[in-house]
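Novice: predicted model, plus sequence, below.
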There are 2 protein chains.
Amino acid sequence: MSPDDSLRRARAYLAAVAEPPAPALAACVAEHGPVRAAELVRRGAVPGAVTDEVEARREHVSGTRLLAEADRAGARLLVPEDPEWPLERLGLLAGAAEVGVPGMGAPLALWVRGRGDLRSALSSSVSVVGARAATGYGEHLAAELAHGLAGAGCAVVSGAAYGIDGAAHRGALSAGGTTLAFLACGIDLDYPAGHSRLLRAIAEQGAVVTEYAPGTPPRRHRFLVRNRLIAACGQGAVVVEAGARSGAGNTANTADALGLPLMAAPGPVTSASSVGCHDMIRSGKAVLVTSTAQVLEMINPLGAAPPVDPVPASRRTDSLQPRARLLHDAVVACSGADAGQLAQECGLPLRSVRALLPELELAGLVERRDGGWNASAG
Amino acid sequence: MSPDDSLRRARAYLAAVAEPPAPALAACVAEHGPVRAAELVRRGAVPGAVTDEVEARREHVSGTRLLAEADRAGARLLVPEDPEWPLERLGLLAGAAEVGVPGMGAPLALWVRGRGDLRSALSSSVSVVGARAATGYGEHLAAELAHGLAGAGCAVVSGAAYGIDGAAHRGALSAGGTTLAFLACGIDLDYPAGHSRLLRAIAEQGAVVTEYAPGTPPRRHRFLVRNRLIAACGQGAVVVEAGARSGAGNTANTADALGLPLMAAPGPVTSASSVGCHDMIRSGKAVLVTSTAQVLEMINPLGAAPPVDPVPASRRTDSLQPRARLLHDAVVACSGADAGQLAQECGLPLRSVRALLPELELAGLVERRDGGWNASAG
């Protein structure tokens, strides 16, 4: 069941009439429903708190016109009444707003470019964010992690910015996986301009999403407001590189405030681009991660066993008891020595040396030649 | 008061007659005193557990000869009866052995090359350890940290190995500070050979120390046993680079078992040399550190304020309230706009915009020109 046109027009109007997040307007919509709320706003028949949020634009916005503009840009309006609305993820924001976390609140609608089903794409998802001023190391790592996550069936959520965001989207795309970009401007604007082609590719293989009406230009505060969507839409967030103050840090704080697992990748301490990540790890806010498997383990601790991280090869002498290992070291060091010399070398009693040598011989670790003991070549 | 020659000869004999750590022999020395214990060992009049530890060497070792050899190598024997014995640090090892931590136990004596007072040098000290197979990054960082620690009056303790150890010693030396190298062989042997000059420099500006008698060659197990001294002699330990399995990991585990603060420096996740550090941080065993100040804070949390880490410069708009910042963003974006246009752009009520613009003007952030508003250049 798809909501009817009047409802969609009402939502398009409501989402544009106030600068998000607009808690008083959201409460008004929850109370009266979107169609009636839009009418009341248009007529100026709303309480003072709502008026504050809408008065500057209420006479200038048209839901019909916005829907037409979105259509021309190849985008559609997704509303909470749609079955595709990612309620599990965006419900987090409504819940956080209700308990008083500042700056939270679910969007009133979302403009979407891309055919994918948002709710199903976000049923397994990780936000990968980081600095625009990323290093080659950071971009490489973001792409690797995103590639691995997408390959494991996890949607990669990010913000389409230069640097880490772009690398994360690209990594997911290269794995043939799903990736979602949340914009801080209208769906009809390609921002940043240098990512036009990337945004098209994201829309084809996943979705480009924004709560800002067509024509809305990006502004500094909109990036911060947008970041709450990126945080909420991952089941966990990974920060790959972040300077001492950064938008990625803001997304990370939001993920943390929403109770989502926050992860950060380390880097060289000599790199200013890793300072933010190291701070998060030091303070215990973020868990250090170095691999896709470690990220998957965090967002799905009870899930199927993730791919195993490589373990170091063991040495043949690892299983030896301390005394046997001590003796083995002595044999390695003193080729051709007899039991008495070995005892003195390693400090074990002669009778222990005599008892241990046949054990080491049986284990294939030493061999007797010409009356002396030698380490086995194999 | 310096202990007499017979006592020093007895300790030289006891330290060499068993392969350290030798818990039964240590208990025997504690019970009878070193002179009497040495006599009993030489005569074979000791319990079975002590016999096990000493029988291979008891007839071959001479304290007098070892003292002469050390003298020729420019070294002296430090014994627990000396006021210079670093009791605070080595007492940790005796205490750990008493509560059953395996492989612990204080040394029975220490061979020392260098004029410095060990106890006073170790009253403020940090162990800096890491991989022999270090990267340029790791060596640079170890040297930087050690330089900073030594400059802050902290002795730098390490193991004189290639890689991180050597870089840490060099960093401390270059700051004109104190550094101590603990060897896994006799004091008369330069190991590794390529560090002969470094060891001489360490002895001149700090001390080279070992519990192994002159002539004792390095062996694999001796490095592990030696590591407990490195761990105990720092008030905290910093691991700069460590592979998945490494001697540095062993030192780190020992520091942890001794209840000392364990720290690890992060590195690129693409570097095999940082895997061990990342594992320690992930598991919560080590705290991530990136600077000398952070290390000093860990070993001396109540001490004088350490040098402050640089904080990011603040922006002039940082102190603005959210609505004022929103409006400021709009002025920046829409030069020359009037109050009505700005209200629509940022979504604030017109009366709020009219109230906030003079505030921003007073703060020197915006200015009116030709009837429109512009961001101030300054």
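Specialist: Received, thanks.

Novice: the helix or strand hosting A:Gly276 near chain B anywhere?
Specialist: Secondary structure here is read from DSSP states H and E; on that basis A:Gly276 sits in helix A:275-282. Yes. Applying C-beta under 8 Å from any C-beta of the partner chain, one finds helix A:275-282 touching chain B at A:Val275, A:His278, A:Ile281, A:Arg282. To be clear about C-beta, it is placed using only N, CA and C from the backbone, and glycine gets the same treatment.

Novice: list just the nearest of those residues to B:Gly234.
Specialist: Within the set of those, A:Arg282 lies nearest B:Gly234; the separation is 19.9 Å, counting by C-beta to C-beta.

Novice: just give the nearest non-adjacent residue to that closest one, would you?
Specialist: Across the structure, with C-beta to C-beta, 6 or more residues apart in numbering or on different chains as the measure, the residue nearest A:Arg282 apart from its sequence neighbours is B:Leu288 (4.9 Å).

Novice: hmm, the one you found is touching A:Leu288, no?
Specialist: Yes. In this structure B:Leu288 lies within contact range of A:Leu288 using C-beta atoms under 8 Å: 7.1 Å.

Novice: any residues in contact with both of the two?
Specialist: A:Pro266, A:Ile281, B:Pro266, B:Ile281 (C-beta atoms under 8 Å, 6 or more residues apart in numbering or on different chains).

Novice: let's have the residues of helix A:275-282 next to chain B in TSV, adding pLDDT, neighbour count and distance to B:Gly236.
Specialist: Compiled in TSV, these are given as follows (pLDDT from 0 to 100; neighbours: other C-beta atoms under 10 Å in any protein chain shown; distance: C-beta to C-beta, whole Å):
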residue	pLDDT	neighbour count	distance to B:Gly236
A:Val275	96	23	22
A:His278	97	27	18
A:Ile281	97	27	18
A:Arg282	95	18	15
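
Novice: what's the biggest helix in chain A, counting residues?
Specialist: In terms of residue count, the longest helix belonging to chain A (DSSP state H) is helix A:136-151.

Novice: restricting to C-alpha, output that one in PDB.
Specialist: What follows is the C-alpha trace of helix A:136-151 in PDB, where atoms were taken according to Å, rounded to 0.1, in the frame of the first residue of the first chain:
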ATOM      1  CA  GLY A 136      46.600   7.900   0.800                       C
ATOM      2  CA  TYR A 137      46.900   5.500   3.700                       C
ATOM      3  CA  GLY A 138      43.400   6.500   5.000                       C
ATOM      4  CA  GLU A 139      41.800   6.300   1.600                       C
ATOM      5  CA  HIS A 140      43.300   2.900   0.900                       C
ATOM      6  CA  LEU A 141      42.200   1.600   4.300                       C
ATOM      7  CA  ALA A 142      38.600   3.000   3.900                       C
ATOM      8  CA  ALA A 143      38.300   1.400   0.500                       C
ATOM      9  CA  GLU A 144      39.600  -1.900   1.800                       C
ATOM     10  CA  LEU A 145      37.200  -2.000   4.800                       C
ATOM     11  CA  ALA A 146      34.200  -0.900   2.700                       C
ATOM     12  CA  HIS A 147      35.100  -3.500   0.000                       C
ATOM     13  CA  GLY A 148      35.200  -6.200   2.700                       C
ATOM     14  CA  LEU A 149      32.000  -5.000   4.300                       C
ATOM     15  CA  ALA A 150      30.100  -4.800   1.000                       C
ATOM     16  CA  GLY A 151      31.400  -8.200   0.100                       C
END
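
Novice: got the buried residues for it?
Specialist: Going by neighbour count (16 or more other C-beta atoms under 10 Å in any protein chain shown), the buried part of helix A:136-151 is A:137-151.

Novice: contacting residues for the residue lying closest to A:Met280 once chain neighbours are set aside?
Specialist: Beyond its immediate neighbours in the sequence, the residue positioned closest to A:Met280 (C-beta to C-beta, 6+ apart) is A:Ala286, lying 3.7 Å away. Listed by C-beta under 8 Å, 6+ apart, the contact set of A:Ala286 reads A:Val239, A:Ala252, A:Asp256, A:Leu262, A:Met263, A:Ala264, A:Cys277, A:Met280.
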